[in-house]
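Trainee: turn this into a structure:
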Amino acid sequence: MAHSSRKKFLVPLALILPLATCFFQWLFWDAFKPFVWFLFYPTAFFISRFSGKIAGIISTVISALLVYYFFIPPQLSFSGKPPANIFSVFVFILMGIVFTYTHDRFERVQQREIEAREAARVAGEQLREARINLLEAEQRLARQRLRESEELFRIMFRESSVAMAQADPATGRYLHVNAALCRFLGYPEDKLLKLTVGDVTHPDDRLLTSVQLNRLISGETSDFQMEKRFLQPDGSVVYGFVSVNLIRDLEGNPRRTMAVIQDITSRKKAEEELIQRNEELERYYRASVGRELEMIRLKQQVNGLMRQLGQEEPYDLSFADKPIPPAGNKS
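Mentor: Reported below is the predicted structural model:
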């Protein structure tokens, strides 16, 4: 648009310039004689270069008529001109037209190049804007998915029937606990969040817990599982199977531990009761065997006395190959 406006502004100049050139050359004709085209070729070149095709052709024709009338002898006349001079007029007009079309084509090529560069610039800006918009959309989607994931995790964490907890790996203080853990340990949430993992761990299990946590933080292992005892506020002991993972930040620094605790108190108590019953059964069995052996020994003594008296043995102890030693003696 600015280029077209500039050309429209130069069109009147293209019409006036040949007249000014004619006037100047007429004033100094004695100096320029006999070079009738001396100033008009540059004029035609200038106008065709800067004023466009139409103005260039008009200016060339006007210049040719002015030279033909004023400077080609006989001067101040359109008749009686030599054929050679008339030919020079046609050569000038042809050259002016060639200049005009050449510069017009050159300007069109330049204009197309400018338009192509502008289109490329606009396309580049649009592409950058599209990439920025796409990046912002991806970031918004990622943030939305992250929020949804965090919200889902919070819901699963708090509503899970399995005891779960997050703790500071440096201090062991609880950061987040769910209702299942509060029920398992017997603490209200606000009270439990003031305690550390060591505070609710049985003294005999604290060392092993600390060793496993140190291995986890140092990167020696990615997780660990263990059975351990926990203390409730009244001193009662409950058992849990603990699975612990470590959450790290983008730089690899420990952020928090994530523990899932399965209540195995009933199983452990059943195992302890089973062991106790087995021990009682073993003691009873040993006592029963001792009594049986003592009875056999006494019967053997009775049978021996009856044999000495020449009487029949009252007890059949044929299953015993040798006398049974008294209870408490080694055979």
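
Trainee: can you tell me the SS state at residue 45?
Mentor: Reduced to three states with DSSP: H, G, I helix; E, B strand; the rest coil, the structure at residue 45 is helix.

Trainee: tell me how many other residues crowd it.
Mentor: Other residues within reach of residue 45 by the criterion other CB atoms under 10 Å amount to 18. No exception for glycine: its C-beta is placed from N, CA and C like everyone else's.

Trainee: quick one: it and residue 99 touch, right?
Mentor: Yes - when contacts are counted by CB atoms under 8 Å, residue 45 is listed as touching residue 99 (5.4 Å).

Trainee: what about the helices in this protein?
Mentor: Counting by DSSP state H, one finds helices in the chain at the ranges 2-27, 29-32, 40-50, 53-70, 83-159, 179-185, 189-192, 203-217, 265-308.

Trainee: which of those sits closest to residue 170?
Mentor: Go through the helices of the chain one by one with CB to CB and the one that ends up closest to residue 170 is helix 203-217, at 8.5 Å.

Trainee: listing partners with orientation, what would you give for the longest strand anywhere in the chain?
Mentor: Across the chain, the strand with the greatest residue count (assigned by DSSP state E) is strand 237-248. Each strand that strand 237-248 pairs with, and the sense of that pairing, follows from DSSP bridges: strand 223-231 (antiparallel), strand 254-263 (antiparallel).

Trainee: what about the first one, distance to the chain center?
Mentor: The gap between the average C-alpha position of strand 223-231 and the chain average comes to 35 Å, counting by CA atoms, centre = their mean, to the nearest Å.

Trainee: so for it, what gets flagged as buried?
Mentor: Taking 16 or more other CB atoms under 10 Å as the neighbour-count basis, strand 223-231 is seen to contain the buried residues 224, 228, 229, 230, 231.

Trainee: residues contacting it, please?
Mentor: Contacts with strand 223-231, where a contact means CB atoms under 8 Å, 6 or more residues apart in numbering, come from 184-185, 200-202, 204-205, 208-209, 212, 215-216, 237-246, 264, 268.

Trainee: distance of residue 167 relative to residue 198?
Mentor: Relative to residue 198, residue 167 is positioned 10 Å away (CB to CB, to the nearest Å).

Trainee: with residue 133 instead?
Mentor: Between residue 133 and residue 198 the computed distance is 52 Å (CB to CB).

Trainee: the two: who's more crowded?
Mentor: The residue with the greater number of neighbours, taking residue 133 and residue 198 and applying other CB under 10 Å, is residue 198; the counts read 15 against 10.

Trainee: I figured that one was touching residue 206, is that so?
Mentor: Yes - checked against CB under 8 Å, the pair residue 198 and residue 206 is within contact range at 5.5 Å.

Trainee: spatially central residue in this protein, please.
Mentor: The centre of the chain sits closest to residue 142, judged by CA atoms, centre = their mean, with a distance of 7.9 Å.

Trainee: how near is that one to residue 130?
Mentor: From residue 142 over to residue 130 the distance is 18 Å, taken as CB to CB.

Trainee: swap in residue 277?
Mentor: Counting by CB to CB, the separation of residue 277 from residue 130 is 76 Å.

Trainee: what's the answer for residue 192, then?
Mentor: From residue 192 across to residue 130, the span is 51 Å (CB to CB).

Trainee: looking at these two, which is more packed in?
Mentor: Neighbour comparison, residue 192 and residue 130: the larger count goes to residue 192, with 17 against 10 (by other CB under 10 Å).

Trainee: which residue comes closest to the more buried one once chain neighbours are left out?
Mentor: For residue 192, the nearest residue in space outside its immediate sequence neighbours is residue 177; the separation is 5.2 Å by CB to CB, 6 or more residues apart in numbering.

Trainee: report how many residues lie close to that neighbour.
Mentor: Other residues near residue 177 come to 23 when the count uses other CB under 10 Å.

Trainee: where does the prediction get shaky in the stretch 51-200 of the chain?
Mentor: Residues of the stretch 51-200 of the chain that meet the criterion pLDDT under 70 lie in 51-52, 152-153.

Trainee: domain ranges for the protein?
Mentor: With domains defined by automatic domain parsing, the chain comprises 2-125, 160-263, 265-331.

Trainee: save the ones you listed as JSON lines, and put in distance to residue 138 too.
Mentor: Listed next are the domains of the chain as JSON lines, based on distance: least, CB to CB, whole Å:
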{"stretch": "domain 2-125", "distance to residue 138": "20"}
{"stretch": "domain 160-263", "distance to residue 138": "18"}
{"stretch": "domain 265-331", "distance to residue 138": "48"}
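
Trainee: list the contacts of residue 37.
Mentor: 67, 88, 92.

Trainee: what does it show for phi and psi?
Mentor: The phi/psi pair for residue 37 (degrees, to the nearest 10) reads phi -100, psi 10.

Trainee: from residue 28, how far out is it?
Mentor: Summarising the geometry, the distance separating residue 37 from residue 28, computed by CB to CB, is 15 Å.

Trainee: sweet, I'm off.
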